[in-house]
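[1] For reference, the sequence and a predicted model appear below.
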Amino acid sequence: MTPELEPQKIAAQLCQFARANFVAEGQVFDENSPLSKAGIDSFALVELLLFCERVLGVRVPDSHLTGANLASLSALARCIAELARPGAPAS
């Protein structure tokens, strides 16, 4: 796994994107906060997933959009890192 696709680095990028686009100013939010706390609804989730494709080059298939993977940005980052590994399933 390249350093850019380590879960911690992915989580930091996702958190920065979420803060810039979804989180209300002054609200405490980090990679372990529930996504709902950031105001990430279904439309924002689509934007977040498109960000993953554009910036990280990783598509998150529908089969991976589970409650566990969407609990926090940290959980989503672990999912993305796993999908980015060589030999990971494409769907």
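    Looks like it arrived, so ask away. Numbers count the residues shown, from 1 in each chain.
[2] Q27 versus the residue most central in space within the chain, what's the distance?
    The chain has L76 as the residue nearest its centroid, 4.3 Å off, counting by C-alpha atoms, centre = their mean. As judged by C-beta to C-beta, to the nearest Å, L76 and Q27 stand 19 Å apart. Any C-beta I mention is one placed from the backbone N, CA and C, and that applies to glycine too.
[3] before we move on, back to that, please identify the helix or strand for the residue nearest to the centre of the chain.
    When secondary structure is defined by DSSP states H and E, L76 falls within helix 73-84.
[4] Other residues contacting that helix?
    In this structure, residues lying in contact with helix 73-84 by C-beta atoms under 8 Å, 6 or more residues apart in numbering are 1, 5-8, 10-11, 14-15, 18, 31-33, 35, 48, 52, 56-61, 64, 68-70, 88-89.
[5] Tell me the buried residues within those residues.
    Among the contacts of helix 73-84, those buried by neighbour count (16 or more other C-beta atoms under 10 Å) are 5, 7, 10-11, 14-15, 18, 31, 33, 35, 48, 52, 56, 58, 60, 64, 69-70.
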